[in-house]
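In: okay, predicted coordinates and the sequence, questions at the end:
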Amino acid sequence: MWTPENRGLYARPGLRYPSDLTDAEWDLVRPFLRRRTRSGPAPERLREILNAVLYVLSTGCQWRALPRDLPPRSTVHGWFVRWHCDGVLDRLHFALYQQVRELEGRHASPTAAIVDSQSVKSAEKGRHIDPIGYDAAKKVKGKKRHLIVDTLGLMLGLNVTPADVQDRDGFLPLLKSVRRVFVFLERLFADGAYSGAATAAAAKRTGKVVLEIVKRSDAAKGFVVVAKRWIVERTFGWLGRCRRLVKDFENLTRTQLAFVQLAMIRLMTRRIARLCQSS
């Protein structure tokens, strides 16, 4: 609920664009983006490059449509690809995730999580490098995002597949990768698409994770908030605030993975800065 007290915590006055980093947010990100060689760009230049990437993420514009007061598109895109391929975004996301958990009074590693998928329609493209598919249930032609989040709605892992891949088939490889990082994960909540003895047994073999199916009541009519499952749906809503993620604009699946990861990084940096400001 918006109040005069908390409205100021979400305000971003004095910025050139609303997507730009504040000084507090940049202080959180800067240690992970420091240059490795003396010939690399200065920290101020790296901040401008990251602001340009966040501008693309927030507005959904083409790389060639970047405003002239931001660095050139070739420089911005090159550093964006480098940060993703070098694992910079992975390390930054993991560090911020642990910090948010601790600020919220939680243990750094979660014990419960929620899984769901989202079919995203592909935009018109000149060519498709990575394959797309057709989700007959949702009547969507494009990609499917398989997402695992904790009870705060923060992303633990993501797998992007063609839309015709079944939920349980895209979920099991994702669970294995998540379980390798978050070793204390014990319980996973999911909807009816993940039901079945074979899926539950596979989850049990993956680090003894118990898969719990949370179904909607048969007597319910219209929209109903389903326990636990609303958390991952809220996360999909958070991602939808970034216009670059509203549709599948990317020819490469790895680029979409990087943008989703960057969206969660943006969310966590803002949350940490807000929590520190209010404390």
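Out: Cool, the structure landed.
In: my guess is Arg250 meets Val260, correct?
Out: Not Arg; residue 250 is Glu. No. Look at Glu250 against Val260 with CB atoms under 8 Å: they stay out of range, at 10.4 Å. In this view, the C-beta of every residue, glycine as well, is placed from N, C-alpha and C.
In: and Lys144, that's in a helix?
Out: No. Using DSSP: H, G, I helix; E, B strand; the rest coil, the assignment for Lys144 is strand, not a helix.
In: number of nearby residues for it?
Out: Residues lying near Lys144 (other CB atoms under 10 Å) number 25.
In: what is it paired to in the beta sheet?
Out: Legend: beta-bridge partners of Lys144 under DSSP bridges are Ser119, Thr161.
In: model confidence for it, exactly?
Out: Lys144 carries a pLDDT value of 97.
In: wait, it sits on Leu158?
Out: No. If you go by CB under 8 Å, Lys144 and Leu158 don't touch, sitting 11.0 Å apart.
In: any stretches of the chain with poor pLDDT?
Out: 1-2, 35-40, 126-127, 218-223, 279 (pLDDT under 70).
In: break down it into its helices, ranges please.
Out: 4-10, 23-29, 43-59, 73-85, 88-103, 167-181, 197-205, 229-240, 253-278 (DSSP state H).
In: with mean neighbour count and distance to Pro131 added, can I get those helices in CSV?
Out: Shown next, in CSV, are those (neighbours: other CB atoms under 10 Å; distance: least, CB to CB, whole Å):
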stretch, mean neighbour count, distance to Pro131
helix 4-10, 10, 40
helix 23-29, 17, 34
helix 43-59, 20, 24
helix 73-85, 16, 20
helix 88-103, 17, 24
helix 167-181, 18, 14
helix 197-205, 15, 24
helix 229-240, 17, 22
helix 253-278, 19, 9
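In: just put these in a markdown table and tack on distance to Ala190.
Out: Output for those, formatted as a markdown table (distance: least, CB to CB, whole Å):
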| stretch | distance to Ala190 |
| --- | --- |
| helix 4-10 | 32 |
| helix 23-29 | 32 |
| helix 43-59 | 28 |
| helix 73-85 | 28 |
| helix 88-103 | 21 |
| helix 167-181 | 8 |
| helix 197-205 | 9 |
| helix 229-240 | 8 |
| helix 253-278 | 20 |
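In: and His128, which of those helices is closest to it?
Out: His128 sits nearest to helix 253-278 of all those, at 10.6 Å, using CB to CB.
In: can you state the direction angle for that closest one and helix 73-85?
Out: 90 degrees (axes from the mean of the first three to the mean of the last three CA atoms, to 10 degrees).
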